[in-house]
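Chemist: sequence below, structure please.
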Amino acid sequence: MTYVTATFANGDTIKTTMNATPQEAQAYYHGKYFNLGREGDNMQKCVSVFTTKEEPCSMHEAHKYEA
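Modeler: Here you go, the predicted structure:
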């Protein structure tokens, strides 16, 4: 399982999982347009993709580990 954070041109991000390699996830999202609209169309280009094979911790959990 690959964990994906995709960032779009308007600053929106989505976090999801994919049954794909990190390279396949990059190829699927980066540079492509996705409809982020809820009530109407809002086509946005994916401008960056962060992938990891391990589930990323939340910001709350990250602060737990700070010295």
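Chemist: who's in contact with the longest helix seen in the chain?
Modeler: Criterion DSSP state H: the longest helix present in the chain is helix 22-29. Contacting residues not belonging to helix 22-29 are listed as 2, 4, 6, 18, 20, 46, 49, 51, 52, 53 [CB atoms under 8 Å, 6 or more residues apart in numbering]. Just so you know, the C-beta spots here come from the backbone N, C-alpha and C atoms, and that holds for glycine as well.
Chemist: out of the residues you listed, which is most surrounded?
Modeler: Most neighbours among those, by other CB atoms under 10 Å: residue 6, with 23 neighbours.
Chemist: tell me where this structure has helices.
Modeler: Using DSSP H, the helices found in the chain span residues 22-29, 59-64.
Chemist: where among the ones you listed is average confidence lowest?
Modeler: Ranked on mean pLDDT, the bottom entry among these is helix 59-64, at a mean of 44.
Chemist: any idea which helix or strand of this protein has the worst average confidence?
Modeler: When the helices and strands of the chain are compared on mean pLDDT, DSSP states H and E, helix 59-64 comes out lowest with a mean of 44.
Chemist: which ones are touching residue 21?
Modeler: residue 2.
Chemist: may I have the strands that pair with the longest strand seen in the chain, each with its orientation?
Modeler: Taking DSSP state E as the criterion, the chain has its longest strand at strand 43-52. Using DSSP bridges, strand 43-52 pairs in its sheet with strand 2-8 (antiparallel), strand 33-35 (antiparallel).
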